[in-house]
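Visitor: model this:
(one chain, ligands or ions: 1)
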Amino acid sequence: MFKKYMWYVVMAALLVASILLVACGGAQAPTVTPQPTKPPVATKASQPTAAPATGGKLEIFSWWTAGGEAEGLNAMYKIYNGKYPNVKIVNATVAGGAGSNAKAVLATRMQSGDPPDSFQVHAGHELIDSWVKAGKMEPVTSIFKENGWLDRYPKGVIDILSYKGEIWSVPVNIHRSNVLWYNKKVFADNGLKPPTTFDEFFAVADKLKAAGVTPLALGDNGIWTANHLMESVLLGSMGPEKYKGLWDGSTDWNGPEVKSALTTFAKVMNYVNEDHAALSWDQAAQLVADGDAAMTIMGDWAEGYFKSIKLKPGVDFGWVPSPGTAGTFIMLSDSFGLPKGAPDRDNAIAWLTVCGSKEGQDAFNPLKGSIPARMDGDRSLYDVYLQSAMDDFKTNKIVPSLTHGAAASEGWVTAFSDVMTLFVSDKDVAAAQQGMTKACVDAGVCK
Ligand code: GAL
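Guide: Alright, predicted model coming up:
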């Protein structure tokens, strides 16, 4: 009897201690809280384990405000709310595609010791060079291990999230950058087929121009969309091996392939909407949706946008790899990280657990216009475009996106953007080539 009583006392003390531990939060590793009254139950690999998110708030920082991307984010919030109803989500967004405004705001906050609980960051150089090497992040390897995720993600994805033996963020998706989207009705009305090479592109563009339709929609009020178009043109002009070599210094920025890509880009600019410098990427996509423009070259978040305005993939809009890039997939991945000093760390760990789960990714990606970063996504939830992207990601050559953080450091991307800002208006091929060569040297990659 006394023994049994003592057992209760010990268990109660343990329980109180574990509650205190949860309340103190701060120094905890991202592990499941010990449950003294029951033996630990093994969690299913595909199910998020519960971090002790019991109340308070969760501030998530991103730039997802446009159609498709905002809906995708909300779908993950809904899952989080269902699991942790007492945690108030603060949706800290800064509008501007590709983080064109958000990244500067984030940098200021991080420098002044005011991190959000978790923030959107591209896998690859953007994550590692900007945040991990600067000592601003906590590793999330233990979250991967606890949830049995290590073999759920492609090795190549884990590799670009890793540094010094640790994983540093949780990827939510894979996006494709090199896609040409087109208005099916405009193409059918003009008896056209989507172009697969730049020769075909210019032939189609001339016909569209003659018919009074803007051939290519561009919205470069943030210069990143010109970079985005340029990376597709670089790949289409030189192929995957030379393109990859641009980012490790083995392809000469001063060589004939880059010159030819710049010449093609300058020519493409003769076929874009006149007000391109005033529009955003989604406003450019809207031109295609309305039939005022026939095509746009944009990442597959444009697919999320088209669907958010109720267009049907394969019916209202079609897609092909951007000219000259069939068989190659320019990839990028959005991920969320755990900044050091996150004010609501436990809630952030619970967020990351939702982000990395099958449930989270299968809710987010069909709306976002991306495919899950996990390999076990439920294919039946994805539309005809996304299923084709899933297949291409498995079979194509994969190369990294410059514009979206995978190929090069932020400093290099900024220098490249500065060159593009001038090039878009002066179309001076020689000056742009010189500027891009210098950007590679300044990044410490080219000699
Ligand atoms: C990219 C990001 C995408 C999408 C796009 C436009 O950088 O990876 O998820 O948000 O910007 O905002």
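
Visitor: list the contacts for the closest residue to the ligand within the stretch 201-350 of the chain?
Guide: Nearest to the ligand in the stretch 201-350 of the chain, going by CB to the nearest ligand atom, is W301, at a distance of 4.1 Å. The way it works is simple: take the backbone N, C-alpha and C, and place the C-beta from them, glycine included. By CB atoms under 8 Å, 6 or more residues apart in numbering, the residues touching W301 are 66, 68-69, 175, 368-370.

Visitor: Low-confidence stretches in this protein?
Guide: Along the chain, the model assigns pLDDT under 70 to residues 1-52.

Visitor: What's opposite the residue most central in space within it in the beta bridge?
Guide: Note on the chain: the residue nearest the mean C-alpha position is D334, at 3.1 Å, using CA atoms, centre = their mean. Using DSSP bridges, the bridge partners assigned to D334 are H122.

Visitor: wait, it sits on H122?
Guide: Yes - the criterion here is CB atoms under 8 Å, and D334 meets it with H122 at 6.5 Å.

Visitor: Which neighbours do those two have in common?
Guide: Residues touching both D334 and H122 (CB under 8 Å, 6+ apart): there are none.

Visitor: circling back to that earlier point, which residues touch the residue nearest to the centre of the chain?
Guide: By CB under 8 Å, 6+ apart, D334 lies in contact with 120-123, 171-173, 175, 370.

Visitor: go on, D159?
Guide: Neighbour list for D159: empty [criterion: CB under 8 Å, 6+ apart].

Visitor: where does it land in three-state SS?
Guide: Secondary structure assignment for D159 (DSSP: H, G, I helix; E, B strand; the rest coil): helix.

Visitor: before we move on, what about M295?
Guide: Applying three-state DSSP: M295 is strand.

Visitor: Which residue is the nearest non-sequential neighbour of the residue of the stretch 201-350 of the chain closest to the ligand?
Guide: Once flanking residues are discounted, W301 sits nearest to G369: 5.0 Å by CB to CB, 6 or more residues apart in numbering.

Visitor: I'd assumed E303 was in contact with that neighbour.
Guide: Yes - judged on CB under 8 Å, G369 makes contact with E303 at a distance of 3.5 Å.

Visitor: ok so, going back, who touches the residue nearest to W301 in this structure?
Guide: Taking CB under 8 Å, 6+ apart, one finds 68, 175, 300-307, 385-386 in contact with G369.

Visitor: Torsion angles phi and psi at it?
Guide: The phi and psi values for G369, taken as degrees, to the nearest 10, are phi 80, psi 30.

Visitor: quick revisit: let's see which of the contacts of G369 end up in strands.
Guide: Assigned to strands by DSSP state E, the following of these qualify: H175.

Visitor: Sort out for me which of the contacts of G369 are in helices.
Guide: 301-307, 385-386 (DSSP state H).

Visitor: which pair in these spans the largest distance?
Guide: Y305 and L386 (13.9 Å; CB to CB).

Visitor: Now do the residue of the stretch 201-350 of the chain closest to the ligand against W247, distance only.
Guide: Separation of W301 from W247 (CB to CB, to the nearest Å): 22 Å.

Visitor: cool, and L150?
Guide: Taking CB to CB as the measure, L150 and W247 are separated by 27 Å.

Visitor: do the same with A363
Guide: For A363, the distance to W247 equals 33 Å [CB to CB].

Visitor: now swap in S357 and tell me
Guide: Counting by CB to CB, the gap between S357 and W247 amounts to 32 Å.

Visitor: returning to that earlier point: could you tell me which residues touch both of G369 and E303?
Guide: With CB under 8 Å, 6+ apart, G369 and E303 have common neighbours 68, 385-386.

Visitor: Out of those residues, which is nearest to Q283?
Guide: Closest to Q283 out of those is G68 (13.8 Å), distances taken as CB to CB.

Visitor: correct me, but that closest one touches E303?
Guide: Yes - using CB under 8 Å, G68 makes contact with E303 at a distance of 7.3 Å.

Visitor: The ligand contacts on the stretch 151-300 of the chain?
Guide: Within the stretch 151-300 of the chain, the positions near the ligand by CB under 6 Å from any ligand atom are H175.

Visitor: Bridge partners for the closest residue to the ligand within the stretch 151-300 of the chain, pull those for me.
Guide: The nearest approach of the stretch 151-300 of the chain to the ligand comes at H175, 5.5 Å away (CB to the nearest ligand atom). On the basis of DSSP bridges, H175 is bridged to L332.

Visitor: Let me see the contact set for it.
Guide: Shown in contact with H175 (CB under 8 Å, 6+ apart): 299-301, 331-334, 369-370, 404.

Visitor: for these, which one is nearest D316?
Guide: Nearest to D316 among these, with distances taken as CB to CB, is G369, at 14.3 Å.
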